[in-house]
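Novice: this one's sequence-less:
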């Protein structure tokens, strides 16, 4: 019983970390889009390099947010199959 409880506890931590990762990813995406719009309006192509770095960090955050969700679904289905 304690094993199942601890397993649930750990999966819930992974679940919340995944939500946090997705929210961070969305925040970075919205922030990046806002900065790109601001740059286009002001006509400043200066932040080109930073926006590329921005996109890389965004992709990293999204991957970091999606991976625990995928892992959670895999473990959930495996535990319910066997």
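Specialist: Alright, I've got the coordinates. Note that the coordinates shown come from a computational prediction; the quantities given were computed from them, not determined experimentally.

Novice: Thought residue 27 was touching residue 57, still the case?
Specialist: No: the criterion here is Cβ atoms under 8 Å, and residue 57 misses it with residue 27 at 11.1 Å. All C-beta spots, glycine's among them, are computed from the backbone N, C-alpha and C.

Novice: Tell me the buried residues in the helix or strand where residue 62 lies?
Specialist: Assessed by DSSP states H and E, residue 62 sits inside helix 48-81. Within helix 48-81, the residues that count as buried by 16 or more other Cβ atoms under 10 Å are 51, 54, 58, 61, 62, 64, 65, 68, 69.

Novice: from the residues you listed, which has minimum pLDDT?
Specialist: The lowest pLDDT within the buried residues of helix 48-81 belongs to residue 51, with 67.

Novice: now the buried residues of helix 48-81 in TSV, with distance to residue 80?
Specialist: Formatted as TSV, the buried residues of helix 48-81 follow (distance: Cβ to Cβ, whole Å):
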residue	distance to residue 80
51	43
54	39
58	33
61	30
62	27
64	26
65	24
68	18
69	17
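
Novice: Below-threshold pLDDT in the chain: ranges please.
Specialist: By pLDDT under 70, the low-scoring segments of the chain are 1-7, 45-51, 81-82.

Novice: rerun at 50
Specialist: For the chain, the stretches flagged by pLDDT under 50 are 1.

Novice: Can you check which helix is longest in it?
Specialist: helix 2-42 (DSSP state H).

Novice: Which strands and helices lie in contact with it?
Specialist: Contacts defined by 3 or more Cβ pairs under 8 Å, 6 or more residues apart in numbering; DSSP states H and E place helix 2-42 against helix 48-81.
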